[in-house]
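just coords:
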């Protein structure tokens with residue numbers, strides 16, 4: 001069935017190219033764009049010159065969608081899938097989800113680096129960065145690079161990079177937006193750009209509030225609690241002279257969530273209330289110097305701080321039940337040198353230093369980590385047909401052995417319309433603070449989770465406090481177990497084909513092999529309350545592989561269609577070995593029959609959909625100054641451990657009774673320009689009203705919104 005659909009799409013594109021060939025030679029407005037990006041090479045380059053899997057989301061696409069949330073923009077893209085933390089135990093240990101992350105090429109959100117203007121965001125909870133921290137009103141474009149990017153960006157870029165590029169002042173403008181949506185959701189945005197002869201200033205402010213919602217009336221409290229978000233961004237640049245430029249930027253985000261739910265401290269339910277406050281702030285400064293026409297460099301300093309503080313009170317007497325905090329800080333000075341005149345044959349090199357600290361009620365004391373790094377990359381072009389990129393990065397960290405991450409990528413122009421692109425690179429992900437230093441005992445359930453370096457001290461304290469029976473021998477675990485970085489080899493290969501100036505198709509095959517995967521494990525004894533003690537260890541070897549297909553066609557200057565599809569396999573190599581050796585058993589919970597797990601029954605890692613697809617229709621009526629924007633996303637079925645209480649003892653996804661059914665998200669937005677400076681938008685998100693309170697609590701059902709966009713522009717001559 002899928003082959004027939006793909007064949008039909010290709011035939012339709014070919015037919016329209018033939019019928020529109022004469023028109024396309026003169027109507028340049030229908031030509032597909034070749035966007036300029038910076039993420040793939042750390043310098044400005046056209047997508048066509050980069051032999052890597054790249055996606056670009058323009059500010060125009062974001063604006064036409066009418067959406068207020070970055071996660072809603074990203075989840076509609078090819079090959080990107082929402083991966084959430086449904087129990088929300090990352091910080092509080094209470095059932096309040098922290099938000100969703102993005103799964104890329106089958107790898108969890110912890111393996112994708114999220115950046116704003118090329119600088120990383122900190123403050124992951126259970127590996128997930130809350131993407132709600134990023135307001136979308138001042139985004140110029142979003143660049144998505146898939147596959148290992150460690151050779152340029154270091155740890156956390158094992159699956160790829162999502163780089164949010166904010167707007168640069170080009171004209172004198174003043175913008176306002178008022179947004180109102182279901183659940184009494186209110187968004188107010190104001191931004192201004194001031195452009196002078198030598199200086200430019202950009203200011204942005206956003207307030208976003210909601211009453212939250214409840215997907216299950218049988219459970220006390222709301223699924224998503226009421227919240228209030230505030231965002232502020234500022235960017236200033238000044239041309240000192242023809243060769244020197246200064247840039248400064250500041251970013252601030254604050255989120256306050258108003259919590260109300262039940263706890264069970266003594267098997268008796270207690271109502272609690274409180275607040276969770278999340279803040280994210282950063283400062284950035286850069287001096288750019290042009291030595292001559294072929295050499296330039298910049299020196300930058302980036303500092304960012306993240307905090308997440310929660311206070312929980314018993315509602316019956318307003319007494320403090322628990323207070324939890326997390327504070328993280330990163331300081332990064334860096335220098336980068338670019339050598340060369342041709343963007344397609346630049347040599348880029350640089351060095352930097354990271355100083356990180358984390359302080360939390362879940363850590364015994366303030367923890368520090370520092371590292372320094374060197375990187376170099378050379379882009380070469382031969383005979384206007386071959387484009388080659390070779391690079392490597394060396395990282396030396398205070399907590400784990402040095403890492404070398406090489407990468408090589410090749411683009412070969414077979415014909416003017418057909419380009420082969422291939423790359424292979426090594427990646428790594430360093431053990432994070434949580435895996436190294438966590439010291440957490442869940443006050444509701446009673447289990448304890450200790451980081452690998454904290455394990456000896458944590459066990460001694462548990463014994464001292466009478467929480468471990470004296471007869472239990474803990475000596476084998478009193479020597480700290482050193483975690484090593486997770487490593488991967490990523491391969492991407494595919495073709496870009498332009499049927500004509502209006503239509504193109506891209507296909508990319510990928511494979512990621514990961515070793516030293518860090519997982520939690522149970523110690524072979526329990527606490528005095530019979531609850532488990534967990535820690536972290538390097539164990540598994542896994543792989544993800546698949547294919548991604550995307551296509552676009554501009555029928556004319558008014559109507560465009562974009563589509564994509566991803567096929568994915570993600571499996572544990574050790575599980576496959578156990579199945580091959582006949583060592584993995586399962587027991588049916590209904591019939592109580594025990595049998596071996598077969599290779600065909602093993603469906604792979606949990607929370608991975610084998611099939612996903614997306615579609616976008618875009619219609620712009622230039623005469624009536626209106627537009628229609630429709631997006632659809634299909635996510636196929638995926639496994640969820642213990643779904644509906646199912647257990648068969650194998651510990652792997654091998655039974656369809658653990659499968660979550662696939663679903664389709666469908667959104668639409670209509671825009672109409674009322675006057676020269678006022679535009680109205682109305683839209684419906686999740687038209688088909690899909691909800692799943694257990695696996696996707698952050699997804700509300702059908703919702704409606706309206707936007708009023710106000711813009712005054714004075715173009716600089």
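Yep, it's here. Model, not experiment: these values are computed from the prediction. Residues are numbered from 1 along each chain as shown.

from residue 290, how far out is residue 243?
Distance from residue 243 to residue 290, counting by Cβ to Cβ, to the nearest Å: 4 Å. The way it works is simple: take the backbone N, C-alpha and C, and place the C-beta from them, glycine included.

grab the most central residue of this protein for me.
residue 102 (3.9 Å; Cα atoms, centre = their mean).

related to what we said a few turns ago, neighbour count for residue 243 and residue 290, which is higher?
residue 290 (16 against 12; other Cβ atoms under 10 Å).

pLDDT wise, what is that one at?
Note on residue 290: pLDDT of 95.

ok, back up a step: secondary structure element for the residue nearest to the centre of the chain?
In this assignment (DSSP states H and E), residue 102 forms part of strand 100-104.

residue 682 too?
With DSSP H and E as criterion, residue 682 is part of strand 678-685.

what about the stretch 201-350 of the chain, any weak spots by pLDDT?
Scanning the stretch 201-350 of the chain for pLDDT under 70 picks out the ranges 266-267.

so where do the strands sit in the stretch 401-550 of the chain?
403-413, 418-429, 439-441, 448-450, 486-500, 503-515, 518-526, 532-538, 542-554 (DSSP state E, counting those that start in this stretch).

circling back: who touches the residue nearest to the centre of the chain in this structure?
71, 74-75, 80-83, 109, 112, 131, 162 (Cβ atoms under 8 Å, 6 or more residues apart in numbering).

pLDDT score for it?
90.

okay, and the beta partners of it?
With DSSP bridges as the criterion, residue 102 is bridged to residue 82.

tell me the SS of residue 152?
helix (DSSP: H, G, I helix; E, B strand; the rest coil).

how close does it sit to residue 671?
As judged by Cβ to Cβ, residue 152 and residue 671 stand 37 Å apart.

the strand holding residue 102 vs strand 503-515, what angle?
In terms of direction (axes from the mean of the first three to the mean of the last three Cα atoms, to 10 degrees), strand 100-104 departs from strand 503-515 by 100 degrees.

strand 100-104: how far from the chain's middle?
Centroid separation between strand 100-104 and its chain, computed with Cα atoms, centre = their mean, to the nearest Å, is 5 Å.

helix or strand right after it?
strand 112-116.

so where's the chain shaky on pLDDT?
In the chain, residues with pLDDT under 70: 1-34, 84-99, 266-267, 443-445, 715-717.

list the neighbouring strands of the lengthiest strand in it plus their orientation.
Determined from DSSP state E, the single longest strand within the chain is strand 270-292. Paired neighbours of strand 270-292 in the sheet (DSSP bridges): strand 244-263 (antiparallel), strand 295-314 (antiparallel).

now the first one: buried residues?
Of the residues in strand 244-263, those scored as buried under the neighbour-count criterion (16 or more other Cβ atoms under 10 Å) are 245, 247, 249, 251, 253-255, 257, 259-261, 263.

repeat for stretch 615-628
Buried residues in stretch 615-628, counted by 16+ other Cβ under 10 Å: 615-616, 618-620, 627.

check stretch 342-355 too.
Quick answer for stretch 342-355 (16+ other Cβ under 10 Å): 343-346, 348-350, 352, 354-355.

again with stretch 138-145
138-139, 141-145.

partners of the helix or strand harbouring residue 330, with directions?
In the assignment (DSSP H and E), residue 330 maps to strand 320-339. Strand 320-339 has the following strand partners under DSSP bridges: strand 295-314 (antiparallel), strand 347-360 (antiparallel).

nearest to residue 448, of the ones you listed?
With Cβ to Cβ as the criterion, residue 448 lies closest to strand 347-360 of these, at 15.5 Å.

let me know the next secondary structure element after the closest one.
By DSSP H and E, the next helix or strand past strand 347-360 is strand 367-382.

so which elements touch that next one?
helix 150-153, strand 347-360, strand 386-397, helix 433-437 (3 or more Cβ pairs under 8 Å, 6 or more residues apart in numbering; DSSP states H and E).

next, format the ones you listed as a markdown table and append distance to residue 645.
Putting the helices and strands packed on strand 367-382 into a markdown table (distance: least, Cβ to Cβ, whole Å) gives the following:
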| stretch | distance to residue 645 |
| --- | --- |
| helix 150-153 | 40 |
| strand 347-360 | 33 |
| strand 386-397 | 42 |
| helix 433-437 | 29 |
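
out of those, which one sits most buried?
Compared across the helices and strands packed on strand 367-382, helix 150-153 shows the largest average neighbour count, a mean of 26 (mean count of other Cβ atoms under 10 Å).

which neighbouring elements make contact with that one?
Helix 150-153 packs on strand 367-382, strand 386-397, strand 403-413, strand 418-429, going by 3+ Cβ pairs under 8 Å, 6+ apart.

looking at those strands, which is nearest to residue 561?
Nearest of these (Cβ to Cβ): strand 418-429, 21.3 Å.

still on that earlier bit, could you dump the strands paired with strand 320-339 into TSV and include distance to residue 649?
Output for these, formatted as TSV (distance: least, Cβ to Cβ, whole Å):
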stretch	distance to residue 649
strand 295-314	36
strand 347-360	36
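
helices or strands next to the helix or strand hosting residue 189 in the packing?
Taking DSSP H and E as the criterion, residue 189 maps to strand 185-195. Applying 3+ Cβ pairs under 8 Å, 6+ apart, one finds that strand 185-195 contacts strand 172-181, strand 199-210.

which residues are contacting the shortest one?
The set of residues external to strand 172-181 that reach it, using Cβ under 8 Å, 6+ apart, is 68, 137, 185-195, 208, 703-716.

and it, how far from the chain's centre?
26 Å.

now the residue nearest to residue 661 when sequence neighbours are not counted: how far from residue 600?
Distances taken as Cβ to Cβ, 6 or more residues apart in numbering place residue 637 nearest to residue 661, at 5.6 Å, with adjacent residues excluded. Noted for residue 637: a distance of 16 Å to residue 600, by Cβ to Cβ.

for these two, indicate the residue with more neighbours.
residue 637 (15 against 8).

list the contacts for the more buried one?
Taking Cβ under 8 Å, 6+ apart, one finds 609-610, 659-662 in contact with residue 637.

for it, phi and psi?
Per-residue torsions, residue 637: phi -60, psi 150 (degrees, to the nearest 10).

now do residue 71
According to degrees, to the nearest 10, residue 71 has phi -60, psi -30.

cool, residue 656 as well?
phi -70, psi -10.

burial measure for it, as a count.
10.

check the one 10 residues further on too.
Applying other Cβ under 10 Å, we find 18 other residues in the vicinity of residue 666.

show me the beta-bridge partners of it.
The partner residues for residue 666, given DSSP bridges, come to residue 632.

now do the one 4 residues further on
According to DSSP bridges, residue 628, residue 682 are recorded as the beta-bridge partners of residue 670.

list the residues that contact it.
Counted by Cβ under 8 Å, 6+ apart, residue 670 has contacts 626-629, 681-683.

rerun at 10 Å
By Cβ atoms under 10 Å, 6 or more residues apart in numbering, the contact list for residue 670 reads 64, 66, 619, 626-630, 680-684.

then residue 496?
Contacts of residue 496 by Cβ under 10 Å, 6+ apart are 47-48, 51, 411, 413, 417-421, 504-508, 550.

and which of those residues is nearest residue 583?
residue 508 (35.8 Å).

and the residue lying closest to that closest one once chain neighbours are set aside, what are its bridge partners?
For residue 508, ignoring the flanking residues on the chain, the nearest one in space by Cβ to Cβ, 6+ apart is residue 494 at 3.5 Å. Residue 494 forms beta bridges with residue 421, residue 508, as assigned by DSSP bridges.

can you map out the strands along the stretch 551-700 of the chain?
Taking DSSP E, counting those that start in this stretch to define them, one finds strands in the stretch 551-700 of the chain at 559-572, 585-587, 594-596, 611-621, 626-635, 638-639, 659-660, 663-673, 678-685.

tell me which of those strands sits most buried.
Highest mean neighbour count among those (mean count of other Cβ under 10 Å): strand 638-639, a mean of 22.

roughly how far is that strand from the heart of the chain?
Taking mean C-alpha positions (Cα atoms, centre = their mean), strand 638-639 and its chain are 20 Å apart.

having no further points to raise, I will conclude here.
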